[in-house]
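K.L.:
Turn this into a structure:
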Amino acid sequence: MNHTQQPRQRLLALDTSTSILSVAVMEDGKLLAERNIRAERNHSAYLVTAIEEALAEAGLDKKELDGIAVGVGPGSYTGVRIAVTTAKTLAWSLQLPVSAVSSLAAIAFGGFAAGTGQAAEQFSPACPAPAEMTASVGYSAEHWIIPLVDARRGQAYTALFSAAEGRVPYRIEPDAIRLVADWLGELARRLEALPPEQRPAGVWFVGDTAIHAATLESLRSLLGEALHICEYELEAVWLGLVGSEQFLQGAYDDVHTLEPNYTQLAEAEAKKLR
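P.N.:
Here you go, the predicted structure:
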């Protein structure tokens, strides 16, 4: 099969960047099977079995796959490497294209869907948001989604996405490790710069929110009921949907150079933390 011309139909997606081991098998952007296992630090002991079980449930042999999507973090250093190494090995041995998925994008997508009561069946992979929708202001019809993966010492792996119900979130700010208090200050300044009618319909913090809940509540005076704080753990279907969209866009990575995204503190933040 010429993978540069044929549409992707059957996709294996996997992620081990958090305490949850996630595996999904997708076909045409629809979930065939998934495994979500609380593996903590034992991802390597369960991942291969989870892949085999998901493929069996989907009624597919691995040789019938058209591509592999892998969560590259940021998150647990050791955990991320397990999924990336497994994905690279499978992609190389099966001669399949591979696509690196932001684990934070999958958390943002799933957390927003869970918070708004949307089912995965309501979404299908589509083209990216139009250019005029990706400016840094004017999201009155949009929601902001801020995924959080705790990185200790008041830090989190985080990013900023925007979405409307029924649409895959698109990125506004890159994945990074940030001091949560400083990150909230930056978000508050951006919100205050917008006229009230242009502010997002909701601001959603999803993921590891419990440990940062008191800090997140500092935005309540600005946002009121538009502030949503939702504890959420990654589910494979959302990883699979993000991966499916990337394959439709032709967003592939070189199997030999694909690496985890560990992220780094910005220099100013690193100095402040020291």
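K.L.:
which residues does residue 84 contact?
P.N.:
Listed by CB atoms under 8 Å, 6 or more residues apart in numbering, the contact partners of residue 84 are 70, 72, 258, 259, 260. C-beta coordinates here come from the backbone N, C-alpha and C atoms, glycine included.
K.L.:
one more time with 7 Å, if that's ok
P.N.:
70, 72, 258, 260 (CB atoms under 7 Å, 6 or more residues apart in numbering).
K.L.:
Tell me, how many residues neighbour the first one?
P.N.:
Which is residue 70. 30 (other CB atoms under 10 Å).
K.L.:
Next up, the contacts around it.
P.N.:
Contacts of residue 70 by CB under 7 Å, 6+ apart are 14, 83, 84, 87, 98, 100, 101.
K.L.:
Now with 10 Å, please.
P.N.:
Contact partners of residue 70, counting by CB atoms under 10 Å, 6 or more residues apart in numbering, are 12-17, 80, 83-88, 90-91, 98-101, 103, 239, 243, 253, 258, 260.
K.L.:
Next, the contact list for the closest residue to residue 83 other than its chain neighbours, please.
P.N.:
In space, residue 83 comes closest to residue 16 once its chain neighbours are excluded; the distance is 4.0 Å by CB to CB, 6 or more residues apart in numbering. For residue 16, the contacting residues are 22-23, 37, 39, 42-44, 46-47, 50, 70-71, 73, 75-76, 78-87, 103, 234, by CB under 10 Å, 6+ apart.
K.L.:
likewise residue 12?
P.N.:
Contacts here follow CB under 10 Å, 6+ apart; on that basis residue 12 touches 23-26, 51, 54-55, 58, 60, 62, 65-70, 87, 90-91, 94, 96, 98, 240, 243.
K.L.:
what's across from it in the sheet?
P.N.:
Per DSSP bridges, the residues bridged to residue 12 are residue 25, residue 68.
K.L.:
can you map out the strands along the stretch 1-150 of the chain?
P.N.:
10-15, 20-27, 30-38, 67-71, 98-101, 143-152 (DSSP state E, counting those that start in this stretch).
K.L.:
number of nearby residues for residue 177?
P.N.:
19.
K.L.:
give me phi/psi at it?
P.N.:
phi -90, psi 120 (degrees, to the nearest 10).
K.L.:
Surely it touches residue 77?
P.N.:
No. Contact criterion CB atoms under 10 Å: residue 177 and residue 77 do not qualify, at 11.6 Å.
K.L.:
Could you list the low-confidence segments of the stretch 101-250 of the chain?
P.N.:
Applying pLDDT under 70 to the stretch 101-250 of the chain flags residues 124-141.
K.L.:
Run through the helices of the stretch 1-150 of the chain in chain order.
P.N.:
With DSSP state H, counting those that start in this stretch as the criterion, the stretch 1-150 of the chain has helices at 43-58, 77-94, 103-116.
K.L.:
Tell me which of those helices sits most buried.
P.N.:
helix 103-116 (a mean of 27; mean count of other CB atoms under 10 Å).
K.L.:
hang on, the earlier thing: make JSON lines from the helices of the stretch 1-150 of the chain and add distance to residue 207 to it.
P.N.:
Compiled in JSON lines, the helices of the stretch 1-150 of the chain are given as follows (distance: least, CB to CB, whole Å):
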{"stretch": "helix 43-58", "distance to residue 207": "18"}
{"stretch": "helix 77-94", "distance to residue 207": "15"}
{"stretch": "helix 103-116", "distance to residue 207": "5"}
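K.L.:
just so I know, which of those helices lies nearest residue 189?
P.N.:
helix 103-116 (21.0 Å; CB to CB).
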